[in-house]
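> Next come a sequence and a model predicted from it.
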Amino acid sequence: MTGPAATAPILDIRDVLMRFGGVTALQEIDYAVPGGVIQAIIGPNGAGKTTLFNCISGRTAPTSGTISFEGLEIQGLAPHRIAELGISRTFQHVALFKRMSVLENVMLGRHPRTRCGFLAAGFRVGGMRAEERRIREKALDYLDFVGLAETAGRESGTLPVGKQKILEIARALATEPRLLLLDEPAGGLNMRETEELGELVQEIRKLGITVMLVEHDMNLIMDISDRILVLHYGKVLASGTPAEIKENSAVIEAYLGMDDGERPAAQKPGPGY
Amino acid sequence: MGRKNWLILLGAAIFIAAFPWLVAQFKAISHYVDVMVFAGIFSLVCLGLSLLMGYAGQISLAQAAFFGIGAYASGILTTKFGFNSLVAMAAGMTISGAIAWLVGVPSLRLKGHYLAMATMGFGVIVNIVLAEEVNWTGGPSGMADIPPFRIGTFTIDGEIAWYYAVWAVVFCALIFCFHILHSRVGRALRAIHEEERAAESMGVPTARYKVRIFVLSAVFAALAGSLYAHYVACVNPSSFNLMWSIRFMLMVMVGGMHSLWGAIVGTVLMTFVGNEWLQVFAELEILVYGAILLIVALFLPGGIVSLVPGRIFRRKAPEATLAEGAGS
């Protein structure tokens, strides 16, 4: 296993319960994400992975329980507050500003780190021009980092899906998060793109950003993650290093729907499971 | 604000500057200068409304009410309290903005078109107040003898002076709006309109931004109302009713609500339609407006500016010019 040893948790999820009407999407979620790791969350569809992301990023407030980010309780805060605190995310279904340019999408990501308001903008005062210039430079830096610099002037909706996914990551990075949530970043990517995504995620971790990702591509997960959390029917089924998870009989049973002893326990669940 | 918009602005400014001279050549249309003063005043209302509708994706049916608040604030403060006209104007804009904030905060925190409903109710209330508070507003017959607009010893006097003063304000307001659109704030507004979820998660306080743009639109409307009161010198509640709010909306839609130029083109056109060319329909005017609204909504959702070839009036979509040749 690669990656740094566990440090103080950057995110501490305590006894989180999430109900939508009569449906319990998450229950008894107790989990601490160490700082500086790549933390994967896996589980069958409907296991509550995206719901957990939504609770962390402020889209929904958990019914009960606490979520602490760097020691500060954030459950129930508005999404823009959580972005300001240093958590950013991408979406399972690409949510770019399609009619804005690639560059403008990333420039928008600078929002929580910049100040200019209506009057400063309208009258072009208060250091507004200088700030605008800095926003543009920073945005270009992030585009460069993810390798999309040449597409800066294009309307973002015209990019191929693979590049749109990467652009979402650049936009999220522009908010200067310390925790980055990636919701199925490899969905719709081909094999080569998935490989590049894996490298990008590791580069991001090297910047000191903790990455949590929900993903179905097992090869990618096993390759890059330091830790895996397995959700099943809204509960924590298992957690540990990729090697531990591969050996975990409960996980194999949940994923393969059987445990008849004929399959070797160490069989690697392939993509598509 | 890009080079393209400055060029259009220059062209528009030359046209506006030459317009009084042009129409003076023809006796039959020499009163068009007067119509253009109104068109300029209404343009201010519609610029604010265009930001609100086209960029924040919200509909307000109270713009005539804010227009009225500006007009009556100027009327009452100058005639009854002897305020300087500039101070009265600023007061009207402040009051209007504060009221918009009070109406906007609860209704804009809800999703969907609650603002349209809330503002419609609010507009009706304002109109009733204007008609009933006879001691202050003169009731249904309104107030007269509002003094001319005076800054120090300088008085805006006569049609031509008003024409240039109003259009100078319109151009300043236009530049102000363009500056907002091409800034951090404008990007946030466009982002909210396109993909609200993502905008929120990238740190944009969406409710707060919607409230602020609504307040801004109310301030613009009050500015226009103040100019209106001083220009016509007498006001009455019927100029500020729901029908006028709908007209303002129509002006923005006819011109094209995703373009600030559209707001101005639509306003000028609809002012001429309303003041000049539709008078023959008299009471049936409202039917004609309804028909125009339907036709625009069904066949020309981008408004008149979408008919202009190329991307001249279109909001610049991709920011930089780094486009990869074939792209977009």
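Structure's in. What do you need? Numbers count the residues shown, from 1 in each chain, chains lettered A, B, ... in the order given.
> Where do the strands of chain B begin and end?
B:150-151, B:154-155 (DSSP state E).
> okay, those in TSV with mean pLDDT, distance to residue B:306 and mean neighbour count next?
Bear in mind the C-beta positions are built from the backbone N, C-alpha and C, glycine included. As requested, the strands of chain B are exported to TSV (pLDDT from 0 to 100; distance: least, CB to CB, whole Å; neighbours: other CB atoms under 10 Å in any protein chain shown):
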stretch	mean pLDDT	distance to residue B:306	mean neighbour count
strand B:150-151	82	40	13
strand B:154-155	83	41	12
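> what about these, which gets the closest to chain A?
Closest approach to chain A among the strands of chain B (CB to the nearest CB): strand B:150-151, 20.0 Å.
> what does that closest one contact?
The contact list for strand B:150-151 (CB atoms under 8 Å, 6 or more residues apart in numbering or on different chains) reads B:84-86, B:156.
> Which of those fall within helices?
Judged by DSSP state H, helices contain the following of the contacts of strand B:150-151: B:85-86.
> Can you tell me which of the contacts of strand B:150-151 is nearest chain A?
Looking across the contacts of strand B:150-151 and measuring by CB to the nearest CB, the closest to chain A is residue B:86, at 18.0 Å.
> Which secondary structure state does the closest residue to chain B within the stretch 151-273 of chain A sit in?
In the stretch 151-273 of chain A, the residue that lies nearest chain B is residue A:153 (3.5 Å; CB to the nearest CB). Per DSSP: H, G, I helix; E, B strand; the rest coil, the secondary structure class of residue A:153 is coil.
> Quick check: phi and psi on it?
Dihedral pair for residue A:153: phi -90, psi -10, per degrees, to the nearest 10.
> from what I can see it touches residue A:102, true?
Yes: proximity of residue A:153 to residue A:102 meets the contact threshold set by CB atoms under 8 Å, at 7.2 Å.
> More neighbours: which of those two?
residue A:102 (33 against 18; other CB atoms under 10 Å in any protein chain shown).
> Next one, pLDDT for whichever residue of chain A sits closest to chain B please.
For chain A, the residue closest to chain B is residue A:112, as judged by CB to the nearest CB, at 3.0 Å. Among the per-residue scores, residue A:112 holds a pLDDT of 94.
> In contact with the closest residue to it other than its chain neighbours, which residues?
Spatial nearest neighbour of residue A:112, chain neighbours left out: residue B:203 (3.0 Å); criterion: CB to CB, 6 or more residues apart in numbering or on different chains. If you count contacts by CB under 8 Å, 6+ apart, residue B:203 has them with A:80, A:83-84, A:109, A:111-113, A:175.
> try residue A:82
Residue A:82 sits next to A:56-58, A:69, A:74, B:201 when contact means CB under 8 Å, 6+ apart.
> These: which two are farthest apart?
Among these, the pair separated by the greatest distance (CB to CB) is A:69 and B:201, at 14.5 Å.
> So which residues of the stretch 51-200 of chain A form strands?
All strands of the stretch 51-200 of chain A, identified by DSSP state E, counting those that start in this stretch, fall at A:64-69, A:72-73, A:87-89, A:179-183.
> Show me the residue sitting in the middle of chain B in space.
Nearest to the mean C-alpha position of chain B, by CA atoms, centre = their mean, lies residue B:45 at 1.6 Å.
> where does the stretch 101-250 of chain B dip in pLDDT?
Scanning the stretch 101-250 of chain B for pLDDT under 70 picks out the ranges B:111-112.
> what's around the nearest residue to residue B:13 once chain neighbours are set aside, how many residues?
Nearest non-adjacent residue to residue B:13, counting by CB to CB, 6+ apart: residue B:171, 6.4 Å away. For residue B:171, the neighbour count with other CB under 10 Å is 17.
> I'd say residue B:171 and residue B:8 touch.
No: with contact defined as CB under 8 Å, residue B:171 does not count as touching residue B:8 (11.5 Å).
> mind checking how far residue A:200 is from residue B:202?
19 Å (CB to CB, to the nearest Å).
> same deal with residue A:144?
Counting by CB to CB, the separation of residue A:144 from residue B:202 is 19 Å.
> ok, the two, which is more surrounded?
Neighbour comparison, residue A:144 and residue B:202: the larger count goes to residue B:202, with 28 against 13 (by other CB under 10 Å).
> can you give me the helices in the chain?
Reading this off chain A. In chain A, the segments counted as helices under DSSP H are A:49-57, A:79-85, A:102-109, A:118-123, A:128-146, A:161-174, A:191-206, A:218-224, A:242-247, A:249-256.
> Can you look at chain B instead?
Going by DSSP H, chain B shows helices at B:3-24, B:32-50, B:63-81, B:85-108, B:114-132, B:134-137, B:159-181, B:184-194, B:196-201, B:206-232, B:242-255, B:260-272, B:285-299.
> Serialize these to JSON lines and add fields for distance to residue A:183.
What follows is those, written out as JSON lines (distance: least, CB to CB, whole Å):
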{"stretch": "helix B:3-24", "distance to residue A:183": "38"}
{"stretch": "helix B:32-50", "distance to residue A:183": "35"}
{"stretch": "helix B:63-81", "distance to residue A:183": "40"}
{"stretch": "helix B:85-108", "distance to residue A:183": "28"}
{"stretch": "helix B:114-132", "distance to residue A:183": "30"}
{"stretch": "helix B:134-137", "distance to residue A:183": "56"}
{"stretch": "helix B:159-181", "distance to residue A:183": "31"}
{"stretch": "helix B:184-194", "distance to residue A:183": "19"}
{"stretch": "helix B:196-201", "distance to residue A:183": "11"}
{"stretch": "helix B:206-232", "distance to residue A:183": "20"}
{"stretch": "helix B:242-255", "distance to residue A:183": "37"}
{"stretch": "helix B:260-272", "distance to residue A:183": "36"}
{"stretch": "helix B:285-299", "distance to residue A:183": "37"}
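> In chain B, what residue lies closest to chain A?
Minimum separation of chain B from chain A (CB to the nearest CB) falls at residue B:203, amounting to 3.0 Å.
> I'd like to know how many residues surround the nearest residue to residue A:55 once chain neighbours are set aside.
In this structure, residue A:55 finds its nearest non-sequential neighbour in residue A:62, 4.8 Å apart by CB to CB, 6+ apart. When neighbours are defined as other CB under 10 Å, residue A:62 has 23 of them.
> about what we covered before: I'd like the strands of the stretch 51-200 of chain A laid out as TSV, including mean pLDDT, distance to chain B and mean neighbour count.
Below are the strands of the stretch 51-200 of chain A laid out as TSV (pLDDT from 0 to 100; distance: least, CB to the nearest CB, whole Å; neighbours: other CB atoms under 10 Å in any protein chain shown):
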stretch	mean pLDDT	distance to chain B	mean neighbour count
strand A:64-69	96	14	18
strand A:72-73	94	16	11
strand A:87-89	97	6	28
strand A:179-183	96	9	24
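> got the ones you listed as CSV, with distance to residue B:216 columns?
Output for the strands of the stretch 51-200 of chain A, formatted as CSV (distance: least, CB to CB, whole Å):
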stretch, distance to residue B:216
strand A:64-69, 34
strand A:72-73, 34
strand A:87-89, 29
strand A:179-183, 34
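> So which of those strands is nearest residue B:303?
Ranking those by proximity to residue B:303 (CB to CB) places strand A:87-89 first, at 36.0 Å.
> show me the contacts for the closest residue to residue A:52 other than its chain neighbours.
The spatially closest residue to residue A:52, leaving aside those adjacent along the chain, is residue A:26, at 6.1 Å (CB to CB, 6+ apart). By CB under 8 Å, 6+ apart, the residues touching residue A:26 are A:16-18, A:48, A:51-52, A:55, A:62, A:231, A:234-235.
> what's the offset of stretch B:29-42 from the middle of its chain?
Distance, stretch centre to chain centre, for stretch B:29-42: 15 Å (CA atoms, centre = their mean, to the nearest Å).
> Check stretch A:172-183 too.
For stretch A:172-183, the distance to the chain centre is 7 Å (CA atoms, centre = their mean).
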